[in-house]
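Enquirer: Sharing a model prediction with you, sequence too.
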Amino acid sequence: MCGIVGYIGTKKAYPILIKGLYRLEYRGYDSAGVALLDGGLNIYKTHGKVADLEKLATNYNVQANIGIAHTRWATHGEPSDLNAHPHHSPSKKLAIIHNGIIENYGALKKELVNRGYTFNSDTDTEVLIHLIEDIQQNEGLALEEAVRAALIHVIGAYAIVVISEAQPDMLIAAKKGSPLVIGIGDNEYFVASDPSPIVEYTKEVVYLEDEEMAIIPKDGELCVKTIRNQEKTPYVYHLEMQLSSIEKGGFPHFMLKEIFEQPRSIKDSMRGRLNAGTGIISLGGIIDYENKLINCQRIIIVACGTSWHAGLVGEYLFEDLARISVEVEYASEFRYRNPVINEDDVVIAISQSGETADTLAAVEMARAKGATIIGICNVVGSSIARATHAGSYTHAGPEIGVASTKAFTAQVTILSMMALFIAGKKGSISQSRYHQLLGELEAIPAKVEKTLESNDTILEISKIFHNVRNFLYLGRGYNFPVALEGALKLKEISYIHAEGYPAAEMKHGPIALIDEEMPVVVIATRKGNYDKVVSNIQEVKARKGIVIAVVTEGDEVVYTMADHVIEIPETDEVLVPLVASIPLQLLSYHIAVLRGCNVDQPRNLAKSVTVE
Ligand code: G6P
């Protein structure tokens, strides 16, 4: 939800900022801009993508050593040149970039308008920079004090960076509710929404906490204070991230690269945690809370989007294996209800980015009500990871494609290990089943590798269907969340309407949609209600629907009925989502590419949704 980047040092800021914006474009890409301090303050900005900004800036002076830049996902005001960031103050001597939402901007704006200020944009951000300058002028304050005084009035979420023509030797950054990380280089500093624009230059970073400000000098030490002016000692993290992990590595799109990374990423999720030989699962991040998990009466899973689908798989796993009752909640609904939460409940928050505003708010609410909170996040050090009592990182590596793929399978891998861990401790499944499932889980990466060999078959199927208007996805049991996730992938990146349904529910409505035009993707793996799914396929065929079936290798029954078949290796029913979701990711990818869609940056979406 908007990406921000800043640089101060001895190098030219512009190329660093532009490269940083490209890396942050997954957060939003409807407009982009840069502000550079080189004697005076120059702002170049445009609607469109970072590439459009680059074209615009070819005619301008971009020699400065200090600057800030922004790629936007519109909240207040449509994508336009005027609404693009950075925004300047009335005197045009201050500039700001902002990620987040200032909820009381209306009231603040009214007050400023009453005092004679006018505004160029519809954004909440412009209000903040006007306010900062107003305070600075009225109270004769330096930039740091004026930013601090302004932030005291702000309700909402922000990660901001401010620069001033009058103090060209510093960046002022602050955050509350939106992420911000500072990179410490040799005589230079970087600021960004995540470490991806920074990792190329330094691995030493400081994550700002909520309501903290950083005074980042051109020369000298970084200074971190709270917005109430208490000095803090910054904790310097060493990044483990490799530059290669945020580049395409020869693939045409990040999404395809990430789909093909899954044998590795699933292995990484299990690394050091699962040993089928010794029968041990060890989840170090939850060790202090494992008894809570083993003994709880209820698990509530909160998440959004694809992570919510992983949560649904978790529901099946925890109930089936660990015999714990589970509720899976959309974080955005959960946080605004008055849910019954007990101190004995365990809340599992699932989030790739660890920054999704609704999931974070749900975590904070459940924590305040006394529940134990366990996180399953991909981004190390993210806000949700820090707001939980304990957790397991998925270790899938950076996921850049907006449509989540490897993060989903990594989340399901962690949930499988958690469910098996509890089942092993509680004895809710037999020892032999426990050991068999550990062995199966360890074998999943190889089965995913094998599934990826169907890529060409899936491309051919995609060529037949890339122009249709609707798709239906059906699955039962563990394959129901797979159907939901398959439909979401297609919608997100190809803009084809798709619905996921429990196969048996088809007859209560969606069956009315089926005709000779309608492709129906059925996940019909052996075991798990196989015969019932076969009946559902017959129901589709009887209405002339076109069936694309995902089947277990060696299937003979569905082969005779389906129009197109994609085979996956046999695995245990409880682990089948880890394999069955792969062909659906590839199907949506190829269909989107054939339709000429930008798969890594689908319209209107952003990878990290830090607004409600
Ligand atoms: C956005 C992304 C989805 C993601 C969802 C939840 O909508 O486009 O891919 O599943 O947010 O994100 P999270 O980071 O919390 O998993």
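Expert: Arrived safely, thanks for sending. From a predicted model like this one, the values you see are computed outputs, not experimental measurements.
Enquirer: contacts, neighbours, all on C-alpha from now
Expert: Fine.
Enquirer: show me the residues around the most centrally placed residue in the chain that make contact.
Expert: Nearest to the geometric centre of the chain sits residue 353, at 3.9 Å (C-alpha atoms, centre = their mean). For residue 353, the residues meeting the contact criterion (C-alpha atoms under 8 Å, 6 or more residues apart in numbering) are 377-379, 382, 607-608.
Enquirer: Tell me the one of these nearest the ligand?
Expert: Proximity of those to the ligand (C-alpha to the nearest ligand atom) peaks at residue 607, which lies at 4.1 Å.
Enquirer: Tell me the pLDDT of the residue lying closest to that closest one once chain neighbours are set aside.
Expert: Using C-alpha to C-alpha, 6 or more residues apart in numbering and skipping the chain neighbours, the partner closest in space to residue 607 is residue 402 (4.8 Å). Turning to residue 402, the model gives it a pLDDT of 88.
Enquirer: Same question for the one 5 residues further on.
Expert: For residue 407, the model assigns a pLDDT of 98.
Enquirer: For it, grab the count of nearby residues.
Expert: Neighbours of residue 407 under the rule other C-alpha atoms under 10 Å: 30.
Enquirer: Can we start the residue count at 45 from this point?
Expert: Happy to do that; since the first residue is 45 now, the last one works out to residue 451.
Enquirer: so when I look at it, I'm seeing a strand, right?
Expert: No - secondary structure of residue 451 (DSSP: H, G, I helix; E, B strand; the rest coil): helix, not part of a strand.
Enquirer: List the contacts of it.
Expert: 396, 422, 438, 440, 443.
Enquirer: Of the residues you listed, which are in range of the ligand?
Expert: Among the contacts of residue 451, the residues lying close to the ligand (C-alpha under 6 Å from any ligand atom) are residue 396.
Enquirer: So which of the contacts of residue 451 belong to strands?
Expert: Per DSSP state E, strands hold no members of the contacts of residue 451.
Enquirer: what's the closest of the contacts of residue 451 to the ligand?
Expert: residue 396 (3.7 Å).
Enquirer: So the closest one is in contact with residue 419, correct?
Expert: No - counting by C-alpha atoms under 8 Å, residue 396 stays clear of residue 419, with 10.2 Å between them.
Enquirer: Looking at these two now, which is surrounded by more residues?
Expert: Between residue 396 and residue 419, counted using other C-alpha under 10 Å, residue 396 has the larger neighbour count: 30 against 27.
Enquirer: Grab the nearest non-local neighbour of the more buried one.
Expert: residue 422 (4.7 Å).
Enquirer: and that neighbour, what does it touch?
Expert: Contacts here follow C-alpha under 8 Å, 6+ apart; on that basis residue 422 touches 395-398, 437-442, 451.
Enquirer: what sits against residue 607?
Expert: Contacts for residue 607 (C-alpha under 8 Å, 6+ apart) come out as 590-593.
Enquirer: again, only this time at 7 Å
Expert: By C-alpha atoms under 7 Å, 6 or more residues apart in numbering, the contact list for residue 607 reads 590-592.
Enquirer: which of these lies closest to the ligand?
Expert: Out of those, the member with the shortest distance to the ligand (by C-alpha to the nearest ligand atom) is residue 592, at 24.4 Å.
Enquirer: what bits of this structure have low per-residue confidence?
Expert: Scanning the chain for pLDDT under 70 picks out 45, 572, 654-656.
Enquirer: ok, now with 80
Expert: Applying pLDDT under 80 to the chain flags residues 45, 119-121, 285-291, 293, 550, 554-555, 571-573, 647-656.
Enquirer: Residue numbers of it in contact with the ligand?
Expert: Counting by C-alpha under 6 Å from any ligand atom, the positions of the chain adjacent to the ligand are 348-351, 395-398, 400, 446-448, 649-653.
Enquirer: Derive a PyMOL selection command for the buried subset of these.
Expert: PyMOL command restricting the residues of the chain next to the ligand to the buried ones, with burial defined by 16 or more other C-alpha atoms under 10 Å:
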select buried, resi 348+350+351+395+396+397+398+400+446+447+448+649+650+651+652+653
